[in-house]
Structures are given as C-alpha cells and as structure tokens.
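Novice: A structural model of the following input is requested.
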Amino acid sequence: MNHSLAQNWWVIALRGVLAIVFSITALAMPVSTLISLILIFAAYMLVDGIFAIVASLRAAQHSKRWGALFFGGLVNIITGVLAAAWPGITALVFVVLTAVWSIISGSTMVVAAIRLKRNHGRWWLALGGVSSIAFGIILVLAPLAGAVVLTWWIGIYALVFGIAMLVLAFRLREHRNDRPIPGMAQPAQSAI
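Specialist: The predicted model follows:
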C-alpha cells in the first residue's frame, strides 16, 4: 500500500464527506443544485474566456497566432453571460444536448449490434442501445423533469463516490503507521 497515501488518509476521507454533502444537497434540492451548477459553469466560462483573451493579446504582442484563441475567449465569455442570464434555458439546452447524444449513441449501438456475429453479446449491446434511445426520448418529452432527474443522478453518483472514498480512507487509516516497504519507490524529497 502506498505509504504517503496512507499517511494522508484524512484527505481522502474529507473528499468523501464533501461528496456526500453535495449528494444530499443535490438529492434534497435538485432545482437549486442545478441552478448553482449552471452559475458555477457560467463563472468558469467567464474567467476562462478572460484568460484566453489575455493570452491571445500576449501572443499578438510577440507576433504569434492569436486569432483563434481570442475568438475562443469571446465565445466563452458570451456563453458565460448567457448561462448566467438564463440558467433555465441553459438547463434545457443541456438536457436537449444530452437527449440528442443519447439517441444518436443508442442508435449507433443498435446498428453495431445488428452487424455483430451471433453469440458475441449482440443482445446486450442492442439492449444498451435501446435503453439509451429510450432515455433520450424521455428527456425530449419531459425536458424540465429531465433536468431534475439528471441532477438526481449526479447526486446519486456523488453519494456512491463519497462512500467509496470514505471506505478507502478508513482502510488506508489502518495502515498509516506501517513502515514503507524497502526498495519501493518513494516520492523524491526536495532540497529546498
């Protein structure tokens, strides 16, 4: 077991606790969580866009190509402003994009299943494709409910992840006083 990981077991435990707290929030208040996630996304896009524009201006000062970076920065800023101004529409766009992706990827899975030879898991692939198509259609038919459901799925994922991190942390805690195995590579110590 990695000695330094065991020594810092509490960091993994903290990560698990934070994931579980997020999970409880997402499951109890899905609409608020979704809006919060969209606003965080908007803030990220604004900051990233500003940094991209600054980088493009610096590149222009050194006679390097800067146009694509500048354009990308503008697109990010516009996206961030629109997401912050209309979080509901942003949520619907996200749900619709998820639905389109689900339908397209499910369709390709069904086509691949049809082309597979017998006894090579084709029915499982087809089942996965059909379930993906069905999920996409449900999202298209009820996009607002789909946004809430996606938030619940994120919450469930965070709960499972958080529990897994806590279990790992307490397993590592049991080994925190173990001596490192001789001959195993240890992190390089800085002479600073």
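
Novice: which residue, neighbours along the chain excluded, lies closest to the one residue sitting closest to the centre of the chain?
Specialist: With distances taken as Cα atoms, centre = their mean, the chain has residue 154 as the residue nearest its mean C-alpha position (8.9 Å). With Cβ to Cβ, 6 or more residues apart in numbering as the criterion, residue 154 has its nearest non-adjacent residue at 5.6 Å, and that residue is residue 26. Every C-beta, even on glycine, is put in place using the N, C-alpha and C of the backbone.

Novice: same question for residue 51.
Specialist: Using Cβ to Cβ, 6+ apart, the nearest residue to residue 51 is residue 73, at 7.5 Å.

Novice: enumerate the positions of whichever strand or helix holds the one you found that are buried.
Specialist: Element membership of residue 73, judged by DSSP states H and E, is helix 67-85. Neighbour counts using 16 or more other Cβ atoms under 10 Å place 69, 70, 72, 73, 76, 77, 79, 80, 83, 84 of helix 67-85 among the buried residues.

Novice: mind saving the C-alpha coords of it as PDB?
Specialist: Provided in PDB are the C-alpha atoms of helix 67-85 (Å, rounded to 0.1, in the frame of the first residue of the first chain):
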ATOM      1  CA  GLY A  67      -7.000  35.000 -33.600                       C
ATOM      2  CA  ALA A  68      -8.400  31.500 -32.700                       C
ATOM      3  CA  LEU A  69      -7.500  32.000 -29.000                       C
ATOM      4  CA  PHE A  70      -9.100  35.400 -29.000                       C
ATOM      5  CA  PHE A  71     -12.300  34.100 -30.700                       C
ATOM      6  CA  GLY A  72     -12.500  31.200 -28.300                       C
ATOM      7  CA  GLY A  73     -12.200  33.600 -25.400                       C
ATOM      8  CA  LEU A  74     -15.000  35.700 -26.800                       C
ATOM      9  CA  VAL A  75     -17.200  32.600 -27.300                       C
ATOM     10  CA  ASN A  76     -16.600  31.500 -23.700                       C
ATOM     11  CA  ILE A  77     -17.400  35.000 -22.300                       C
ATOM     12  CA  ILE A  78     -20.700  35.100 -24.300                       C
ATOM     13  CA  THR A  79     -21.600  31.600 -23.200                       C
ATOM     14  CA  GLY A  80     -20.900  32.500 -19.600                       C
ATOM     15  CA  VAL A  81     -23.000  35.700 -19.800                       C
ATOM     16  CA  LEU A  82     -25.900  33.800 -21.500                       C
ATOM     17  CA  ALA A  83     -25.700  30.900 -18.900                       C
ATOM     18  CA  ALA A  84     -25.800  33.400 -16.000                       C
ATOM     19  CA  ALA A  85     -28.600  35.500 -17.600                       C
END
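
Novice: that helix - contacts with which helices or strands?
Specialist: Secondary-structure packing of helix 67-85 (3 or more Cβ pairs under 8 Å, 6 or more residues apart in numbering; DSSP states H and E): helix 30-61, helix 87-115.

Novice: present those as a markdown table; the columns should include mean pLDDT and distance to residue 7.
Specialist: Formatted as a markdown table, the helices and strands packed on helix 67-85 follow (pLDDT from 0 to 100; distance: least, Cβ to Cβ, whole Å):
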| stretch | mean pLDDT | distance to residue 7 |
| --- | --- | --- |
| helix 30-61 | 91 | 32 |
| helix 87-115 | 89 | 40 |
